[in-house]
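Undergrad: Make a model of this:
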Amino acid sequence: CGISPLRDEKVIRPLLCCTAKQVRDYAKEARLSYVTDATNADTTYTRNYIREKIVPALRQINPRCEDAVLRMSGLLREDLVYLEDAAAALLGEDDALTKEAAAAPDPLLSRGILTMYRRFTGHQENLSAVHLADCTALIRSGLPGRISLPGRAALFSQGGRSWIGADPAFTKMDVPAPEPLSVGD
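TA: Below is the predicted model of the structure:
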């Protein structure tokens, strides 16, 4: 989907629909000064290599390639919202997938797993395609089991339900829980 123009209703990027040339041309026309980060010329950074080498090559094939990419990103964002809403609908009130949800198409089931993981850990950055494939295979098998995941999480599958919770491999079972403090202690 590319970078979202709005993230968490806190970060707004209103110029994503503009090319760097359009921004520079506007600044020149409006007599605005701007600063170019010196690292922008260093093509050892992937983003700069793409900007300096790949995009010009794409422009030779299609002079309006940036417009095409922006349109595609917008459409992909719409698809993502739809798929994430449909995946969230697979989860029950207890944030678990049922055996009926296991029959969902791969794009929905993997997003359902991502949703459970994100709700448990608060992020999804460390969950790889291999993790998703392993989780999907266990869920579809209908067998009971557990798959350890990053972030001290695990996917559990049992009795026709699958959910994500704390991985017991990281839980200190042998240390007694502290006694609760009473008011006044």
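
Undergrad: Flag every buried residue along the lengthiest helix in the chain.
TA: In the chain, ranked by residue count with DSSP state H as the criterion, the top helix is helix 65-88. Under the neighbour-count criterion of 16 or more other Cβ atoms under 10 Å, helix 65-88 has Cys65, Glu66, Leu70, Ser73, Leu83, Glu84, Ala87 buried. Heads up, the C-betas are built off the backbone N, CA and C, glycines and all.

Undergrad: what about that helix, distance to the chain center?
TA: 13 Å (Cα atoms, centre = their mean, to the nearest Å).

Undergrad: Now the element after it, going C-ward?
TA: strand 97-98 (DSSP states H and E).

Undergrad: Does that following strand pack against any helices or strands, and if so which?
TA: Identification of packing neighbours for strand 97-98 by 3 or more Cβ pairs under 8 Å, 6 or more residues apart in numbering; DSSP states H and E yields helix 106-121, strand 161-166.

Undergrad: pretty sure Ala27 contacts Tyr34?
TA: Yes. Ala27 lies in contact with Tyr34 (Cβ atoms under 8 Å); the separation is 5.0 Å.

Undergrad: Have a look at those two and say which one is more surrounded.
TA: Ala27 (12 against 9; other Cβ atoms under 10 Å).
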